[in-house]
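A.B. asks: Just a sequence and a predicted model for now, questions to come.
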Amino acid sequence: MKLIKHLIALATVAIATSATAAAPAEAPDALVKRISADVIDTAKADKDIQAGNQKKVMDLVESKILPHVDFQRMTQLAAGRFWRDASPEQQKQLSNEFRTLLIFTYSGALSQIKNETVEFKPLRAAPEDKEVEVRSQVNVARGEPVTLNYRLAQTSGGWKIFDINVLGAWLVETYKGTFASEINKSGIDGLIKTLAERNKKLAAKPLAKPIK
């Protein structure tokens, strides 16, 4: 869980620390840059968010970040071959619990953002590509820059993020191992129960105060 939290924390930094304006017709890399500007401007203007107000931070994540993430596809990929064995109701429950878990993790990471900056690399994709990889790096105050890449797919609702790579580790693959281990031990319902219990604990725990 610590590795997963670290990956999402860095991803949130990249989504929420760029100041690039949106382009009228968005390419996938322009989308990520627009989200960045929108989130950081909102966070800077809200003292409650800066103080770590859980509801305000989670509302920001819900409204600004989540509409651009394909959680169902992320859940399906993370569940792997077990997804086909799950009933429609189990698939729905698993997607909902996974989404909630990521909301809490995104929110905790967002409350810690300070002075990191993000540098985006030129997009390597053909106009007809339906899936692309947007590459970037997070420049931190201390230490080497952190490589951070996104996988996006073109959908009827626009480009959606469905996987994130930090330091060579894809988020979906990281969760895939965790999911498989839990499913092998206690089945799909066991995984759903584990995620639900984790979410209850996170809901009762206040966000960490921003690092000074």
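C.D. replies: Nice, I can see it.
A.B. asks: show me where this structure has strands.
C.D. replies: Along the chain, counting by DSSP state E, strands occupy 117-120, 131-139, 146-155, 158-166, 169-170.
A.B. asks: Quick one: those strands as JSON lines, columns for mean neighbour count too.
C.D. replies: Just so you know, the C-beta spots here come from the backbone N, C-alpha and C atoms, and that holds for glycine as well. Formatted as JSON lines, those follow (neighbours: other C-beta atoms under 10 Å):
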{"stretch": "strand 117-120", "mean neighbour count": "17"}
{"stretch": "strand 131-139", "mean neighbour count": "18"}
{"stretch": "strand 146-155", "mean neighbour count": "19"}
{"stretch": "strand 158-166", "mean neighbour count": "21"}
{"stretch": "strand 169-170", "mean neighbour count": "15"}
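A.B. asks: Need these in a markdown table (columns: distance to K176).
C.D. replies: As requested, those are arranged in a markdown table below (distance: least, C-beta to C-beta, whole Å):
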| stretch | distance to K176 |
| --- | --- |
| strand 117-120 | 27 |
| strand 131-139 | 18 |
| strand 146-155 | 14 |
| strand 158-166 | 11 |
| strand 169-170 | 9 |
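A.B. asks: List just the one of those that sits closest to I65.
C.D. replies: Closest of the strands of the chain to I65 is strand 158-166, at 9.0 Å (criterion: C-beta to C-beta).
A.B. asks: neighbouring contacts of that closest one?
C.D. replies: 6-8, 10-11, 26-28, 31-32, 68-70, 73-74, 77, 132, 146-153, 170-172 (C-beta atoms under 8 Å, 6 or more residues apart in numbering).
A.B. asks: Could you do stretch 62-77 as well?
C.D. replies: Against stretch 62-77 from outside (C-beta under 8 Å, 6+ apart): 12, 15-16, 31, 35, 38-39, 42, 83, 91, 94-95, 98-99, 102-103, 106, 153, 155, 158-163, 171-172, 175-176.
A.B. asks: what ranges do the helices span in this protein?
C.D. replies: Counting by DSSP state H, the chain has helices at residues 2-15, 28-45, 47-50, 54-60, 71-79, 88-110, 171-204.
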